[in-house]
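*Asks:* Test case, fold it:
(one chain, ligands or ions: 1)
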Amino acid sequence: MMRARSDRMRRQYKTIVLIPTMGFLHEGHLSLIKEGHKHGDDMAVSIFVNPTQFGPEEDLESYPKNLERDLELLQEEGVDAVFTPDAKEIYGNKFQTYVTLEKLPNYLCGLSRPIHFRGVATVVAKLFNTVKPHVAVFGRKDYQQLVVIRQMVRDLDFGIEIIGAPTVREPDCLAMSSRNKYLTSEQRISALSLYKSLQKAKELIKSGVQDAATIIDWATELIQSYPETDIDYIAICDTETLVDIQIIDRPVQMALAVRIGKARLIDNMLLNP
Ligand code: PAF
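*Replies:* Predicted structure coming up:
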């Protein structure tokens, strides 16, 4: 049905924009839709909690859902089509073809989530084939995901323009995420340490520090000074290859993941010396 609709839109010379989501929408998602409206005139949003991107110990079963509210929000945002497939529709039976990238998943989140980017790339490829967008918008908060999708689109000639939209933050600067829901009020304070460490890195660079290890040490100490924080990684890396950088003599990406209680939170920032 979605495929036939997209063919119809394309025959009417509409520019289709896709925003892939896993639902439980927040301001961050709505900002992707607002960005999307600038790039096309037929707005499609998919809502699908993709099982293949969750590891066995992860939160697939408890991932928050509220489809009714999501649909209301999407209507308010002027979305033209909502695609809400179930796992059977996406993976059918005896599914066995996956999209795997050789290098990009070997860094950052990929190290502790070994099957994650294979699941993301596969489902996004399938969503692209079904919704047939001209443009797709992804949040820069999931920086590695954005880089993976851009690479896949280039490598497999999807011919889709990929837009990276800025991270939307709560008033206290915590990056918006559906997983913030897992935090208790004490853990919510500890969660601010992610952004604070990125800000600290920015200050250090401004004051002339160029050594990535020094910045990572500062960030580690800052985050560990908050209760219940368990650092997964803190990295300063090349913006495209995600390979670690030792000396910051050009724009680099700082990215981190921290477990706090039941939540695994990520954040990142471009550091410009
Ligand atoms: O960013 C997400 O919500 C998901 O990883 C995505 C892109 C919808 C694929 O399942």
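
*Asks:* near the ligand, which residues of the stretch 1-150 of the chain show up?
*Replies:* Proximity of the stretch 1-150 of the chain to the ligand, by Cβ under 6 Å from any ligand atom, involves residues P20, T21, M22, N50, Q53, V120, V123, V124, D142, Q145. For glycine as for every other residue, the C-beta is placed from the backbone atoms N, C-alpha and C.

*Asks:* In helices, which of those residues fall?
*Replies:* Judged by DSSP state H, the subset of these located in helices is V120, V123, V124, Q145.

*Asks:* neighbours around the nearest residue to the second one once chain neighbours are set aside, how many?
*Replies:* To tie it back to what came earlier, the one meant is V123. Leaving aside its sequence neighbours, V123 sits nearest to N50 (Cβ to Cβ, 6 or more residues apart in numbering; 4.3 Å). Applying other Cβ atoms under 10 Å, we find 23 residues neighbouring N50.

*Asks:* Distance-wise, check N50 relative to I115.
*Replies:* Distance of N50 to I115, given as Cβ to Cβ, to the nearest Å: 11 Å.

*Asks:* S177 now?
*Replies:* According to Cβ to Cβ, S177 stands 20 Å off from I115.

*Asks:* Of those two, which one has the most company?
*Replies:* Counted by other Cβ under 10 Å, S177 and I115 do not tie: S177 has more neighbours, with 24 against 17.

*Asks:* how close does that one get to the ligand?
*Replies:* Separation of S177 from the ligand (Cβ to the nearest ligand atom, to the nearest Å): 10 Å.

*Asks:* residues near the spatially closest residue to that residue that is not a sequence neighbour, how many?
*Replies:* Ranked by Cβ to Cβ, 6+ apart and with sequence neighbours excluded, the top spatial neighbour of S177 is L265, at 6.6 Å. Neighbours of L265 under the rule other Cβ under 10 Å: 24.

*Asks:* tell me the phi and psi of L265?
*Replies:* L265 adopts backbone torsions of phi -110, psi 150, taken as degrees, to the nearest 10.

*Asks:* For P227, the count of nearby residues, please.
*Replies:* Around P227 there are 11 other residues, counting by other Cβ under 10 Å.

*Asks:* same check, this time on R11
*Replies:* Neighbours of R11 using other Cβ under 10 Å come to 8.

*Asks:* What of S185?
*Replies:* S185, neighbours per other Cβ under 10 Å, totals 6.

*Asks:* The lengthiest helix in the chain - contacts with which helices or strands?
*Replies:* In the chain, taking DSSP H as the definition, the longest helix is helix 185-206. Counting by 3 or more Cβ pairs under 8 Å, 6 or more residues apart in numbering; DSSP states H and E, the packing neighbours recorded for helix 185-206 are helix 212-224, strand 229-237, strand 252-260, strand 263-271.
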